[in-house]
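S.K.: please work out how this folds:
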Amino acid sequence: MKKKLGLGTKVFIGFVIGIILGLIFKEKILIVKPIGDIFLTLIKMIVVPLIFFSITSGIFSIGDVQKLKRIGTKTLVYYIGTTLLAGGIGLLVAHLFKPGKGINIANIEASSEFEASEIPTFGETVLGLFPSNAVQALSEGNLMQIIIFSLFLGISIVLIGNKSETLKKFFDEGTEVMYKMTGIIMAFSPIGVAALMACTIGEYGLKIFGPLGKFILVDYIGLISVIILMYLFMLKFIAKFPISKFFKSIGKIWIVTASTTSSSGTLPVTISVTKEDYKVKEELAQFTLPIGATMNMNGAVVYYAAAVIFVSQIYGIEMPLSQQLLIILMTTLISVGSPGIPGGGIVMTIMLLTTLGLPMEIVGMIAGIYRIIDMGHTTLNVTGDVVSTLCIARSENMIEDEYLKPIEKVVNKTNAL
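M.R.: Residues are numbered from 1 along each chain as shown. Prediction:
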């Protein structure tokens, strides 16, 4: 009897088929774009209720308020700390490879038709994280506001104790329903991924390796450097998780992040892999991963840092060390606030360049190829969510110990006694 192909294998096959179709049919393949768009729309459809139910359920499943405060603090420390470090790595890589050297300014100015949106102030961004109307936040899909409301709701359920049993049952069952709905939608992911990749390759083809080719290359080198210099260290020494086991399963997530370019859209797969493959307890995965999908943007800060250095090198502008350190701090703050700002990474690029007094002409060209580089940013963002969750799980003993060495298991049992 033949063994059935797993979903991860099917998605990978769809990924490869999409690339091949895009290279063969080029722009003509855009006829299948509605298929990819429908798949993305279905994923977006489940994100809001999934985050709402899973975070609320995850919080009261943890139960102990002191433990909840401890895990919440660790989550913020890991997400903000890794974002700062990722920004520093992105800055270092940009200096080493100098992506802006040799770029023709005339070509940039001729291709830079991009209309900047109105950019909110930092105070407005912070205020925008908190919902004035929870129902409106849910209807508009404002993920950061939904997370804040879910946090307050989950904590309140914990505090009233046994009086909230009916509500606990509602959220537990709601979470299970959303997981089932996610499974139904993800069954169609191989077709959706194939359509998305076919359209991306068909639209851009080899043109991406034009004037911005070096910038794209440096951006990806920065992303890979974060994995090598930071994530591998965290996995080995903090999470104490086998690196081979990590990379064996993370590919299931990477295929979806590369095709959807959405941390939130990938969330169902991220939670599933973290629970089932990495054996992290469900209540922790439901708490940390949705928060990470909204505020942990390690890949984005690598891009922001590289983009600023890219522009400064094109125009021959020397940036003092103090200003470069400001870049790391600003990109970290921006990445946390970016979910509530329309236009995503492109608008954030304008905000950074404006604040630092740098020209914005390059933004038009970056906007044209942003999906290509955003595939890598999203992949690193989500990978960072998983790595940080594994670290927190190890410190809180919320991960199954089947991957520990036998002697470590004996020590843990002895300590428990």
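
S.K.: can you name the helix or strand that T378 falls in?
M.R.: helix 370-395 (DSSP states H and E).

S.K.: give me the buried positions along that helix.
M.R.: Counting neighbours by 16 or more other CB atoms under 10 Å, one finds that the buried residues in helix 370-395 are 370, 372-395. Glycine gets a C-beta too; all of them are placed from N, C-alpha and C.

S.K.: tell me what it is packed against?
M.R.: helix 65-97, helix 189-204, helix 213-226, helix 243-260, helix 263-276, helix 282-295, helix 298-314, helix 344-355 (3 or more CB pairs under 8 Å, 6 or more residues apart in numbering; DSSP states H and E).

S.K.: just those helices: most buried one?
M.R.: Of those, the one with the most neighbours on average (mean count of other CB atoms under 10 Å) is helix 298-314, at a mean of 27.

S.K.: now the element after it, going C-ward?
M.R.: With elements assigned by DSSP H and E, the helix or strand that comes after helix 298-314 is helix 321-337.

S.K.: quick one, that next one and helix 370-395 angle?
M.R.: 80 degrees (axes from the mean of the first three to the mean of the last three CA atoms, to 10 degrees).

S.K.: so how far is helix 321-337 from its chain's centroid?
M.R.: 18 Å (CA atoms, centre = their mean, to the nearest Å).

S.K.: using PDB, list the CA coordinates for it.
M.R.: Extracted as PDB, the C-alpha positions of helix 321-337 are listed here (Å, rounded to 0.1, in the frame of the first residue of the first chain):
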ATOM      1  CA  LEU A 321      27.700  55.900  14.400                       C
ATOM      2  CA  SER A 322      25.100  57.700  16.600                       C
ATOM      3  CA  GLN A 323      22.700  57.900  13.700                       C
ATOM      4  CA  GLN A 324      23.300  54.300  12.800                       C
ATOM      5  CA  LEU A 325      22.500  53.200  16.400                       C
ATOM      6  CA  LEU A 326      19.300  55.400  16.100                       C
ATOM      7  CA  ILE A 327      18.400  53.300  13.000                       C
ATOM      8  CA  ILE A 328      18.400  50.100  15.100                       C
ATOM      9  CA  LEU A 329      16.300  51.600  17.800                       C
ATOM     10  CA  MET A 330      13.900  53.200  15.300                       C
ATOM     11  CA  THR A 331      13.500  50.000  13.300                       C
ATOM     12  CA  THR A 332      12.700  48.100  16.400                       C
ATOM     13  CA  LEU A 333      10.000  50.500  17.500                       C
ATOM     14  CA  ILE A 334       8.600  50.800  14.000                       C
ATOM     15  CA  SER A 335       8.400  47.000  13.600                       C
ATOM     16  CA  VAL A 336       6.300  46.700  16.800                       C
ATOM     17  CA  GLY A 337       4.000  49.400  15.600                       C
END
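
S.K.: model confidence over it, on average?
M.R.: What helix 321-337 shows for mean pLDDT is 72.

S.K.: so who does D385 touch?
M.R.: S263, T270, T288, L289, G292, A293, N296 (CB atoms under 8 Å, 6 or more residues apart in numbering).

S.K.: tell me who's in contact with the second one.
M.R.: Looking back up the chat, that one is T270. I253, L289, A293, V382, D385, V386.

S.K.: any idea how far V301 is from it?
M.R.: 19 Å (CB to CB, to the nearest Å).

S.K.: cool, the fifth one as well?
M.R.: Per CB to CB, G292 is found 14 Å from V301.

S.K.: number of nearby residues for the closest residue to G154 other than its chain neighbours?
M.R.: Using CB to CB, 6 or more residues apart in numbering and skipping residues adjacent in sequence, the residue nearest G154 is I59, 2.8 Å away. Neighbours of I59 under the rule other CB atoms under 10 Å: 26.

S.K.: could you do P320 as well?
M.R.: The number of residues near P320, taken as other CB under 10 Å, comes to 8.

S.K.: K10 versus I185, what's the distance?
M.R.: The value you get for I185 to K10, if CB to CB is used, is 14 Å.

S.K.: higher neighbour count, these two?
M.R.: Counting neighbours by other CB under 10 Å for I185 and for K10 shows that K10 has the greater number, 18 against 15.

S.K.: now the more buried one: closest residue in space, sequence neighbours ignored.
M.R.: Using CB to CB, 6+ apart and skipping the chain neighbours, the partner closest in space to K10 is P190 (4.2 Å).

S.K.: also M398?
M.R.: With CB to CB, 6+ apart as the criterion, M398 has its nearest non-adjacent residue at 4.2 Å, and that residue is K281.

S.K.: I'd assumed R394 was in contact with the one you found.
M.R.: No: judged on CB atoms under 8 Å, K281 makes no contact with R394 at a distance of 11.5 Å.

S.K.: how about the contacts made by the closest residue to A306 other than its chain neighbours?
M.R.: Spatially, and ignoring its direct neighbours in sequence, A306 is nearest to A94 (4.3 Å; CB to CB, 6+ apart). Neighbouring residues of A94 by CB under 8 Å, 6+ apart: V218, G222, A305, A306, I309, F310.

S.K.: the first one and V363, how far apart?
M.R.: What that stands for is V218. Distance, V218 to V363, by CB to CB: 17 Å.

S.K.: before we move on, back to that, how about the contacts made by the residue nearest to M398?
M.R.: Contacts of K281 by CB under 8 Å, 6+ apart are K275, A393, M398, I399.

S.K.: contacts for stretch 183-192, please.
M.R.: In contact with stretch 183-192 (CB under 8 Å, 6+ apart) are residues 7, 10-11, 13-14, 35-36, 38-40, 42-43, 45-46, 256, 259, 268-269.

S.K.: just the residues you listed: which are in strands?
M.R.: Using DSSP state E, no member of the contacts of stretch 183-192 sits in strands.
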